[in-house]
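Chemist: for reference, the sequence and a predicted model appear below.
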Amino acid sequence: MEREKLRELAALIYPTRCPVCGEVIGANDCFCEKCTEILIRYEGCLDVKGCAGGVAAYEYHPNMSEAVMLMKRGVMGNAPFAFGTELAARIREAGIEADLLVPVPMYKRDLRRRGANQSLLIAEEVGRRLGIAVDGKSVVKSVETLPQKELRRAEREVNMRGAFTVTAPEAVKNKRIIVVDDLCTTGSTLAEMAAVLLGAGAAKVYCACACRAVEHKEEEENNG
Ligand SMILES: [Zn+2]
(Lines give C-alpha, C1' and ligand atoms only; values in the text may rest on other atoms or scores of the structure.)
Protein backbone atom coordinates (compact mmCIF):
# COMPACT_ATOMS: atom_id res chain seq x y z
CA MET A 1 0.00 0.00 0.00
CA GLU A 2 2.48 2.54 -1.18
CA ARG A 3 -0.08 5.27 -1.66
CA GLU A 4 -1.32 5.00 1.93
CA LYS A 5 2.26 5.42 3.14
CA LEU A 6 2.70 8.47 0.92
CA ARG A 7 -0.44 10.02 2.34
CA GLU A 8 0.84 9.34 5.85
CA LEU A 9 4.10 11.12 5.04
CA ALA A 10 2.31 14.06 3.40
CA ALA A 11 0.06 14.36 6.45
CA LEU A 12 3.11 15.06 8.62
CA ILE A 13 3.44 18.38 6.79
CA TYR A 14 -0.17 19.03 5.75
CA PRO A 15 -2.46 17.18 8.15
CA THR A 16 -5.45 15.55 6.45
CA ARG A 17 -8.63 17.39 7.36
CA CYS A 18 -12.27 16.42 7.28
CA PRO A 19 -13.65 18.16 4.16
CA VAL A 20 -16.89 18.98 5.94
CA CYS A 21 -15.77 20.45 9.29
CA GLY A 22 -12.00 20.90 8.96
CA GLU A 23 -11.11 18.64 11.90
CA VAL A 24 -7.72 16.89 11.61
CA ILE A 25 -8.28 13.22 10.75
CA GLY A 26 -6.18 10.14 9.98
CA ALA A 27 -4.07 10.37 6.83
CA ASN A 28 -6.23 7.86 4.98
CA ASP A 29 -9.59 8.75 6.47
CA CYS A 30 -12.33 10.37 4.38
CA PHE A 31 -14.34 12.31 6.97
CA CYS A 32 -14.15 12.73 10.75
CA GLU A 33 -16.23 10.37 12.91
CA LYS A 34 -18.79 13.02 13.78
CA CYS A 35 -19.39 13.98 10.15
CA THR A 36 -19.48 10.35 9.03
CA GLU A 37 -22.46 9.96 11.36
CA ILE A 38 -24.23 13.03 10.01
CA LEU A 39 -23.65 12.40 6.30
CA ILE A 40 -26.55 10.75 4.52
CA ARG A 41 -25.67 7.97 2.11
CA TYR A 42 -27.56 8.26 -1.15
CA GLU A 43 -29.38 4.98 -1.52
CA GLY A 44 -31.43 5.65 -4.62
CA CYS A 45 -30.57 5.09 -8.23
CA LEU A 46 -29.79 8.22 -10.22
CA ASP A 47 -32.29 8.39 -13.02
CA VAL A 48 -30.75 10.52 -15.75
CA LYS A 49 -31.97 10.73 -19.32
CA GLY A 50 -29.75 8.68 -21.64
CA CYS A 51 -27.92 6.92 -18.79
CA ALA A 52 -28.13 3.15 -18.29
CA GLY A 53 -27.76 3.66 -14.55
CA GLY A 54 -26.31 5.96 -11.99
CA VAL A 55 -25.14 6.33 -8.41
CA ALA A 56 -24.40 9.10 -5.96
CA ALA A 57 -22.31 8.87 -2.81
CA TYR A 58 -24.24 11.25 -0.58
CA GLU A 59 -27.38 13.26 -0.36
CA TYR A 60 -26.42 16.90 -0.50
CA HIS A 61 -27.06 18.43 2.87
CA PRO A 62 -26.47 21.95 4.24
CA ASN A 63 -23.84 20.39 6.54
CA MET A 64 -21.68 19.49 3.59
CA SER A 65 -22.11 22.68 1.59
CA GLU A 66 -18.69 23.92 2.75
CA ALA A 67 -16.96 20.84 1.35
CA VAL A 68 -18.66 21.17 -2.03
CA MET A 69 -18.42 24.95 -2.25
CA LEU A 70 -14.74 24.97 -1.33
CA MET A 71 -14.10 22.45 -4.12
CA LYS A 72 -16.05 24.66 -6.50
CA ARG A 73 -13.78 27.57 -5.53
CA GLY A 74 -10.66 25.48 -6.13
CA VAL A 75 -9.84 24.57 -2.51
CA MET A 76 -9.63 20.81 -2.79
CA GLY A 77 -8.06 19.50 0.41
CA ASN A 78 -9.22 16.00 1.22
CA ALA A 79 -12.57 16.33 -0.59
CA PRO A 80 -11.70 14.60 -3.91
CA PHE A 81 -10.09 11.71 -1.98
CA ALA A 82 -13.09 11.38 0.36
CA PHE A 83 -15.80 11.68 -2.29
CA GLY A 84 -13.87 9.59 -4.84
CA THR A 85 -13.34 6.79 -2.31
CA GLU A 86 -17.03 6.68 -1.38
CA LEU A 87 -18.18 6.98 -4.98
CA ALA A 88 -15.96 4.07 -6.04
CA ALA A 89 -17.59 1.94 -3.34
CA ARG A 90 -21.09 2.83 -4.61
CA ILE A 91 -20.16 2.02 -8.22
CA ARG A 92 -18.80 -1.33 -7.10
CA GLU A 93 -21.92 -2.05 -5.00
CA ALA A 94 -24.18 -1.18 -7.95
CA GLY A 95 -22.27 -3.65 -10.11
CA ILE A 96 -21.59 -1.04 -12.80
CA GLU A 97 -18.79 -2.10 -15.13
CA ALA A 98 -17.10 0.45 -17.33
CA ASP A 99 -14.09 0.99 -19.58
CA LEU A 100 -13.67 4.69 -19.02
CA LEU A 101 -14.39 7.46 -16.53
CA VAL A 102 -15.15 10.85 -18.06
CA PRO A 103 -15.37 13.83 -15.68
CA VAL A 104 -17.73 16.68 -16.53
CA PRO A 105 -15.32 19.19 -18.09
CA MET A 106 -15.02 22.86 -17.20
CA TYR A 107 -14.97 25.80 -19.56
CA LYS A 108 -11.32 26.76 -20.04
CA ARG A 109 -11.62 30.23 -18.53
CA ASP A 110 -13.32 28.78 -15.43
CA LEU A 111 -10.59 26.15 -15.18
CA ARG A 112 -7.88 28.81 -15.32
CA ARG A 113 -9.61 30.80 -12.60
CA ARG A 114 -10.10 27.79 -10.34
CA GLY A 115 -6.89 25.95 -11.09
CA ALA A 116 -8.34 22.42 -11.08
CA ASN A 117 -11.47 20.58 -12.09
CA GLN A 118 -12.93 18.94 -8.98
CA SER A 119 -14.84 16.38 -11.06
CA LEU A 120 -11.57 15.28 -12.69
CA LEU A 121 -9.91 14.87 -9.28
CA ILE A 122 -12.85 12.83 -7.98
CA ALA A 123 -12.78 10.70 -11.16
CA GLU A 124 -9.04 10.09 -10.70
CA GLU A 125 -9.65 8.78 -7.19
CA VAL A 126 -12.48 6.54 -8.45
CA GLY A 127 -10.20 5.35 -11.26
CA ARG A 128 -7.40 4.44 -8.84
CA ARG A 129 -9.82 2.50 -6.65
CA LEU A 130 -11.56 0.61 -9.46
CA GLY A 131 -8.73 0.32 -11.95
CA ILE A 132 -10.63 2.22 -14.64
CA ALA A 133 -8.88 4.70 -16.95
CA VAL A 134 -9.82 8.38 -16.69
CA ASP A 135 -10.24 10.47 -19.82
CA GLY A 136 -10.36 14.16 -19.00
CA LYS A 137 -9.49 15.35 -22.50
CA SER A 138 -11.83 13.82 -25.07
CA VAL A 139 -14.87 15.87 -24.06
CA VAL A 140 -14.57 19.62 -23.62
CA LYS A 141 -16.94 22.29 -22.48
CA SER A 142 -17.04 24.46 -25.56
CA VAL A 143 -19.64 26.98 -24.49
CA GLU A 144 -19.73 29.13 -21.38
CA THR A 145 -22.89 28.53 -19.36
CA LEU A 146 -24.59 30.30 -16.48
CA PRO A 147 -24.16 28.79 -13.00
CA GLN A 148 -26.80 26.05 -12.85
CA LYS A 149 -27.69 26.86 -9.26
CA GLU A 150 -29.16 30.19 -10.34
CA LEU A 151 -31.56 28.54 -12.77
CA ARG A 152 -34.78 26.55 -12.64
CA ARG A 153 -35.10 23.06 -14.08
CA ALA A 154 -36.33 24.01 -17.57
CA GLU A 155 -33.74 26.79 -17.82
CA ARG A 156 -30.97 24.39 -16.76
CA GLU A 157 -31.67 22.08 -19.68
CA VAL A 158 -31.55 24.96 -22.17
CA ASN A 159 -28.43 26.34 -20.47
CA MET A 160 -26.52 23.07 -20.93
CA ARG A 161 -27.72 22.30 -24.45
CA GLY A 162 -24.76 22.20 -26.82
CA ALA A 163 -22.33 22.98 -23.98
CA PHE A 164 -20.12 19.92 -24.51
CA THR A 165 -18.18 18.68 -27.54
CA VAL A 166 -16.49 15.32 -28.02
CA THR A 167 -13.14 16.26 -29.54
CA ALA A 168 -11.84 12.69 -29.84
CA PRO A 169 -14.77 10.41 -30.81
CA GLU A 170 -12.45 7.45 -31.35
CA ALA A 171 -11.56 7.54 -27.64
CA VAL A 172 -15.17 7.02 -26.55
CA LYS A 173 -16.51 4.89 -29.40
CA ASN A 174 -17.92 1.52 -28.26
CA LYS A 175 -16.84 2.24 -24.68
CA ARG A 176 -18.89 1.82 -21.53
CA ILE A 177 -18.48 5.17 -19.84
CA ILE A 178 -19.19 6.55 -16.38
CA VAL A 179 -19.61 10.32 -16.36
CA VAL A 180 -18.38 11.74 -13.04
CA ASP A 181 -19.65 14.97 -11.49
CA ASP A 182 -19.38 16.59 -8.08
CA LEU A 183 -22.94 17.78 -7.56
CA CYS A 184 -26.11 16.80 -9.39
CA THR A 185 -29.46 18.52 -8.95
CA THR A 186 -31.77 18.15 -11.94
CA GLY A 187 -29.38 15.93 -13.91
CA SER A 188 -29.37 18.28 -16.94
CA THR A 189 -25.56 18.42 -17.06
CA LEU A 190 -25.23 14.63 -16.89
CA ALA A 191 -28.01 14.16 -19.46
CA GLU A 192 -26.24 16.50 -21.87
CA MET A 193 -22.95 14.64 -21.33
CA ALA A 194 -24.72 11.32 -21.99
CA ALA A 195 -26.26 12.70 -25.18
CA VAL A 196 -22.96 13.86 -26.68
CA LEU A 197 -21.13 10.65 -25.67
CA LEU A 198 -23.85 8.41 -27.13
CA GLY A 199 -23.88 10.64 -30.21
CA ALA A 200 -20.15 10.01 -30.57
CA GLY A 201 -20.66 6.24 -30.46
CA ALA A 202 -20.26 5.33 -26.77
CA ALA A 203 -21.75 1.88 -26.10
CA LYS A 204 -23.32 2.79 -22.76
CA VAL A 205 -23.25 5.76 -20.43
CA TYR A 206 -23.65 5.67 -16.66
CA CYS A 207 -23.38 8.55 -14.24
CA ALA A 208 -21.82 8.96 -10.83
CA CYS A 209 -21.89 12.06 -8.69
CA ALA A 210 -20.45 12.82 -5.28
CA CYS A 211 -23.58 14.53 -4.00
CA ARG A 212 -27.17 14.41 -5.09
CA ALA A 213 -29.08 17.59 -4.26
CA VAL A 214 -32.81 17.67 -3.99
CA GLU A 215 -34.48 20.63 -5.65
CA HIS A 216 -36.18 23.18 -3.44
CA LYS A 217 -39.87 22.51 -3.12
CA GLU A 218 -40.65 26.09 -4.05
CA GLU A 219 -38.79 25.71 -7.35
CA GLU A 220 -40.69 22.56 -8.20
CA GLU A 221 -43.97 24.29 -7.49
CA ASN A 222 -42.98 27.19 -9.68
CA ASN A 223 -42.17 24.73 -12.41
CA GLY A 224 -45.63 23.28 -12.16
ZN1 LIG B 1 -15.93 16.49 10.09
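Modeler: Perfect, I can see it now.
Chemist: close to the ion, is the top helix by length along the chain?
Modeler: In the chain, assigned by DSSP state H, the helix with the most residues is helix 79-94. No: on the criterion Cβ under 5 Å from the ion, helix 79-94 is out of touch with the ion, staying 9.9 Å away. For the C-beta atoms, the positions are set from N, CA and C on the backbone; glycine is no exception.
Chemist: what residues does the chain have near the ion?
Modeler: Neighbours of the ion within the chain, by Cβ under 5 Å from the ion: 18, 20, 21, 23, 32, 35.
Chemist: quick one, which of these are buried?
Modeler: 18, 20, 21, 32, 35 (16 or more other Cβ atoms under 10 Å).
Chemist: farthest pair within those residues?
Modeler: Put simply, by Cβ to Cβ the two of these set farthest apart are 20 and 32, 7.5 Å from each other.
Chemist: nearest residue to the middle of this structure?
Modeler: Centroid-nearest residue in the chain: residue 181, 2.3 Å away (criterion: Cα atoms, centre = their mean).
Chemist: partner strands of the helix or strand harbouring that residue, with direction?
Modeler: In this structure, residue 181 is located in strand 176-184 according to DSSP states H and E. Neighbouring strands of strand 176-184 in its sheet, by DSSP bridges, are strand 100-103 (parallel), strand 204-212 (parallel).
Chemist: tabulate the ones you listed (JSON lines), appending mean neighbour count.
Modeler: Conversion of the strands paired with strand 176-184 to JSON lines gives the following (neighbours: other Cβ atoms under 10 Å):
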{"stretch": "strand 100-103", "mean neighbour count": "26"}
{"stretch": "strand 204-212", "mean neighbour count": "26"}
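Chemist: let's have those strands in CSV, adding distance to residue 155 and mean pLDDT.
Modeler: Below are the strands paired with strand 176-184 laid out as CSV (distance: least, Cβ to Cβ, whole Å; pLDDT from 0 to 100):
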stretch, distance to residue 155, mean pLDDT
strand 100-103, 24, 98
strand 204-212, 20, 96
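Chemist: could these go into JSON lines alongside distance to residue 89?
Modeler: Rendered in JSON lines, the data for the strands paired with strand 176-184 read as follows (distance: least, Cβ to Cβ, whole Å):
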{"stretch": "strand 100-103", "distance to residue 89": "15"}
{"stretch": "strand 204-212", "distance to residue 89": "11"}
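Chemist: I figured residue 132 hits residue 125, correct?
Modeler: No: with contact defined as Cβ atoms under 8 Å, residue 132 does not reach residue 125; the gap is 11.2 Å.
Chemist: fine by me, thanks again.
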